[in-house]
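[1] pasting the sequence and the predicted model now:
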There are 2 protein chains.
Amino acid sequence: MKLHDEIIAIGDRAVAAARELLLLSARRKNAILQSMADQIEARRPVLKEANRKDVEEAKSTGLSAAMIDRLLLTDGRIDSIVRGIRSIVGLKDPIGARISRWIRPNGLEIIKRRVPIGVIAIIYESRPNVTADTAVLCLKTSNAVILRGGKEAMNSNAAIADALVAGGKKHGLPDDAIQLIRTTDREAVRELVQMEGRVDLVIPRGGETLIRAVTEHARVPVIKHYKGVCHVYVDESADQEVAIKIAENAKCQRPAVCNAIEKLIVHEKIAEEFLPKMAARFRELGVELRGDEASRQIVPWIKEATEDDWYTEYLDLILAIKIVPSVKAAVDHINKYGSKHSDAIISEDETAQKLFVQEVDSAAVYVNASTRFTDGGEFGMGAEIGISTDKIHARGPMGLEELTTYKYVIHGRGQIRE
Amino acid sequence: MKLHDEIIAIGDRAVAAARELLLLSARRKNAILQSMADQIEARRPVLKEANRKDVEEAKSTGLSAAMIDRLLLTDGRIDSIVRGIRSIVGLKDPIGARISRWIRPNGLEIIKRRVPIGVIAIIYESRPNVTADTAVLCLKTSNAVILRGGKEAMNSNAAIADALVAGGKKHGLPDDAIQLIRTTDREAVRELVQMEGRVDLVIPRGGETLIRAVTEHARVPVIKHYKGVCHVYVDESADQEVAIKIAENAKCQRPAVCNAIEKLIVHEKIAEEFLPKMAARFRELGVELRGDEASRQIVPWIKEATEDDWYTEYLDLILAIKIVPSVKAAVDHINKYGSKHSDAIISEDETAQKLFVQEVDSAAVYVNASTRFTDGGEFGMGAEIGISTDKIHARGPMGLEELTTYKYVIHGRGQIRE
């Protein structure tokens, strides 16, 4: 009961802050952001000391080296947080913009205006930079934010949040516009996602367990930033040089991110020619290949893929390969096993391209380009809070506009409905 | 377990239908719609007979007269279903439209294209016309729909769904594009809203119990079409003739709908002059008035309002009245007790108007006009599936565009990420 009341109080404060945020001008918000960046700079030793505690604790509890690496706040990473905040200053403030305007025959003027969503809860894991990256995007869009980071990064997250608030306050950041939940009680997440009327949107960013906990209990809207089981399909009409270059880039340029590919699908008509070349290249690059029966008949050293492999996001130098008889079969496979994130067709045939683009049900569908471009920066949005794998409200990279909603403002001169 | 499997099978069929719907042209969909309207016409006696069964059953179980009225399929209502379907034909098909397009410095062409959401589940109560109204909007936007109506209207809903499917099939409606859940088991709703990967969006339309059942169990995105606790605020600067005309219209023109007002808020500086005139008018119109202490000191026959009154959607000729010291206090009241639907300020003062418009957190905010205009038709959308009281994806009247999402289609010439 105590936890419940505590989270409700955080919600109430966020609602009050959201109301105050409506009154901040774009210029004021930018001054707050600059001051936040200054404070992060100024508190670098404090941040590193807090982080040292987290890392020590993590080591003593036997966290994996990969997890500890994610947790680490190096000087370079602190620089990148500061740079990130300053880069948001230059982005266009979407709040208040007219999306559209029209006059009805009865003279009513209807304006569809872009407004903040209100209170956004972000639930995330390990990487402490997410605390700053998401908080500043919420501020730029005049949303109040409630942050709930991973237990293992609590000291680092708290130091970052404190710096942002201290910096922001100097230039008029409303109280409670940025709140970090500091209890490590796991029940806090459940309380948070059930606060209808206080939280307008929950964005979970993390692995399967986190996403499941959120969607199972949530009563407020959720936009999931979930896994990327991305595919490259090499059509019978593909330029094979292009296919090799793109598959290599999509798999290996940064294998641990969600827009890297996990599967390669190859048309049977070119498999015998293409697959040996492609497999040789992947072997050079140290990629473990797993494949279906047909692919293993062509390249015998490919390991056997199980049904589970098709669903799995390895985030590692592993790739599963499937041979299909048609572009339609490739689409069927992607829609069944994929995660609606990013998928590419390599093809010189317009009919095949068109079918793929129309029927693959993913946020980003590529023709002859690497899936690695699914990213707010690469799309030219300037920044992103994550990549939505949902279909409602926002799909793919979520930038500033995707952190807003709209309201209708209607001006009349006494009109009534007859 | 049997029910679970049954609902999963319905979901699987809907997913397959959604894929086929992607291939229908706008012209084909319109031919399907016309044929559906023809079938509803042709089956008028069948519809009325099915409805007679529902009404008889309702009478025998002692349903209220109001409920039975909602259930009734008169000739006029069947005409209106047919007219409704034919009117959708003339609306612009939003599917496939380019929302935006840009070229990145690396030459990638990014197109943000409007696409169907996929599979939409509609959960509703009593009125059988909702079966047709929502199914045809989903078809027009190439979404597969799973309908779950009220138990009391099952025969009528089934007759309407059968007519739509029979009519549609003649012109190429894919199998299972429109499915009605025919079991009356209440568990079916729970199964339906938990089908992640099969259902992309749930739209509940109904009362508190229905909405609560859906949001409590849902694991798929929900857009609520919930109550309208709407307000008219009469500012100290109001043109009082305009205020009386608008408050009367907003309360009385059709009191049982969600965009009718339930509360009247009056600035204290004009209350002594305005309220007696307004109250007298409402008395003539047979409106029961409930008020706070201040209003009852001005008009003694106003009944006492309880705290509950401020939250209540009467949907009847009842109105609660509150006196406030400022426009800010009016906004505070609306944001606390309202339902984020539609609220109006009557004011000649631009500063007050601006504050109200900026700070009232509702889908539609009016200046000097009746809240009754919050409606897809009145907004010029041509049709609506309902009025969203949520802030995510769609707010206010949901027309055809709000039943769509987007995907990014990216064309390259072998671009990879460096």
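    Looks like it arrived, so ask away. Numbering: from 1, shown residues only, chains lettered A, B, ... in the order given.
[2] ok, how many other residues are close to whichever residue of the stretch 151-300 of chain A sits closest to chain B?
    Proximity of the stretch 151-300 of chain A to chain B (Cβ to the nearest Cβ) peaks at residue A:249, 3.6 Å away. C-beta: built from backbone N, CA, C; applies to glycine. Neighbourhood size, residue A:249 [other Cβ atoms under 10 Å in any protein chain shown]: 23.
[3] which of the helices or strands spans residue A:76?
    Here residue A:76 sits within helix A:75-89, counting by DSSP states H and E.
[4] in that helix, what's buried?
    Of all the residues in helix A:75-89, those buried under the rule 16 or more other Cβ atoms under 10 Å in any protein chain shown are A:78, A:81, A:82, A:84, A:85, A:86, A:88, A:89.
[5] and of those, the nearest to chain B?
    Closest to chain B, out of all of the buried residues of helix A:75-89 and judged by Cβ to the nearest Cβ, is residue A:84, at 19.2 Å.
[6] around chain B, pick out the residues from the stretch 1-150 of chain A.
    For the stretch 1-150 of chain A, the contact set with chain B under Cβ under 8 Å from any Cβ of the partner chain comprises A:19, A:22, A:23, A:102, A:104, A:108, A:110, A:117, A:118.
[7] buried subset of those, written for ChimeraX?
    The ChimeraX selection below is limited to those of the residues of the stretch 1-150 of chain A next to chain B classed as buried (16+ other Cβ under 10 Å):
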select /A:19,22,108,110,117,118
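[8] dump the residues of the stretch 1-150 of chain A next to chain B to TSV, plus secondary structure and pLDDT.
    Formatted as TSV, these follow (DSSP: H, G, I helix; E, B strand; the rest coil; pLDDT from 0 to 100):
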residue	secondary structure	pLDDT
A:19	helix	96
A:22	coil	96
A:23	coil	95
A:102	strand	97
A:104	coil	97
A:108	coil	98
A:110	strand	98
A:117	coil	98
A:118	coil	98
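[9] wait, doesn't residue A:38 sit right on residue A:164?
    No: judged on Cβ atoms under 8 Å, residue A:38 makes no contact with residue A:164 at a distance of 10.8 Å.
[10] more crowded one of the two?
    residue A:164 (30 against 17).
[11] and the more buried one, what does it touch?
    By Cβ atoms under 8 Å, 6 or more residues apart in numbering or on different chains, the residues touching residue A:164 are A:36, A:39, A:40, A:131, A:132, A:135, A:136, A:178.
[12] filter these down to the ones in helices?
    Per DSSP state H, helices hold the following members of the contacts of residue A:164: A:36, A:39, A:40, A:131, A:132, A:135, A:136.
[13] give me the neighbour count for the residue nearest to the first one when sequence neighbours are not counted.
    Same thing as residue A:36. Distance criterion Cβ to Cβ, 6 or more residues apart in numbering or on different chains; nearest residue to residue A:36, sequence neighbours excluded, is residue A:167 at 4.0 Å. Burial of residue A:167 is recorded as 23 neighbouring residues (other Cβ under 10 Å).
[14] how near is residue A:167 to residue A:131?
    13 Å (Cβ to Cβ, to the nearest Å).
[15] before we move on, what about residue A:83?
    16 Å.
[16] how about residue A:231?
    From residue A:231 to residue A:131 the distance is 33 Å (Cβ to Cβ).
[17] repeat for residue A:180
    Taking Cβ to Cβ, one finds residue A:180 at 7 Å from residue A:131.
[18] again with residue A:276
    Plainly put, residue A:276 is 47 Å away from residue A:131 if you go by Cβ to Cβ.
[19] neighbour count for the two, which is higher?
    Legend: neighbour count by other Cβ under 10 Å for residue A:276 and residue A:131, higher for residue A:131 (26 against 12).
[20] only alpha carbons, please: show the biggest strand by length in chain A as PDB.
    If you go by DSSP state E, chain A has its longest strand at strand A:404-415. Coordinates of each C-alpha in strand A:404-415 appear next as PDB, following Å, rounded to 0.1, in the frame of the first residue of the first chain:
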ATOM      1  CA  THR A 404       3.100  14.600 -29.500                       C
ATOM      2  CA  THR A 405      -0.600  14.300 -30.000                       C
ATOM      3  CA  TYR A 406      -3.100  16.800 -31.300                       C
ATOM      4  CA  LYS A 407      -6.200  18.600 -30.100                       C
ATOM      5  CA  TYR A 408      -9.000  20.300 -32.100                       C
ATOM      6  CA  VAL A 409      -9.400  24.000 -31.300                       C
ATOM      7  CA  ILE A 410     -12.700  25.300 -32.700                       C
ATOM      8  CA  HIS A 411     -13.600  29.000 -33.000                       C
ATOM      9  CA  GLY A 412     -17.200  30.000 -33.500                       C
ATOM     10  CA  ARG A 413     -19.400  33.000 -33.200                       C
ATOM     11  CA  GLY A 414     -22.300  31.400 -31.300                       C
ATOM     12  CA  GLN A 415     -22.900  28.400 -33.600                       C
END
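[21] residues of it that come out buried?
    A:404, A:405, A:406, A:407, A:408, A:409, A:410, A:411, A:412, A:414, A:415.
[22] who's residue A:231 bridged to?
    Applying DSSP bridges to residue A:231 gives these bridge partners: residue A:263, residue A:343.
[23] near chain B, which residues of the stretch 301-418 of chain A? Just list them.
    Close to chain B, as judged by Cβ under 8 Å from any Cβ, the stretch 301-418 of chain A has residues A:335, A:357-359, A:361-370, A:372-374, A:378-380, A:390-393, A:395-396, A:405-417.
[24] so the residue in the stretch 251-400 of chain A that chain B sits nearest to versus residue B:106, what's the distance?
    The nearest approach of the stretch 251-400 of chain A to chain B comes at residue A:369, 2.8 Å away (Cβ to the nearest Cβ). With distances taken as Cβ to Cβ, residue A:369 is found 9 Å from residue B:106.
[25] now the helices for the stretch 251-400 of chain A?
    A:268-284, A:293-298, A:307-311, A:327-337, A:350-359, A:376-379 (DSSP state H, counting those that start in this stretch).
[26] quick one: closest of these to residue B:264.
    Each of the helices of the stretch 251-400 of chain A has some distance to residue B:264 by Cβ to Cβ; the shortest is helix A:376-379, at 46.0 Å.
[27] any buried residues in the closest one, and which?
    Neighbour counts over helix A:376-379 (16+ other Cβ under 10 Å) mark A:376, A:378, A:379 as buried.
[28] got it, and stretch A:113-126?
    Buried, per 16+ other Cβ under 10 Å, within stretch A:113-126: A:113-126.
[29] cool, stretch A:347-364 as well?
    By 16+ other Cβ under 10 Å, the buried positions in stretch A:347-364 come out as A:347, A:352-353, A:355-364.
[30] shared neighbours of residue A:180 and residue A:131, which are they?
    A:147, A:149, A:157, A:161.
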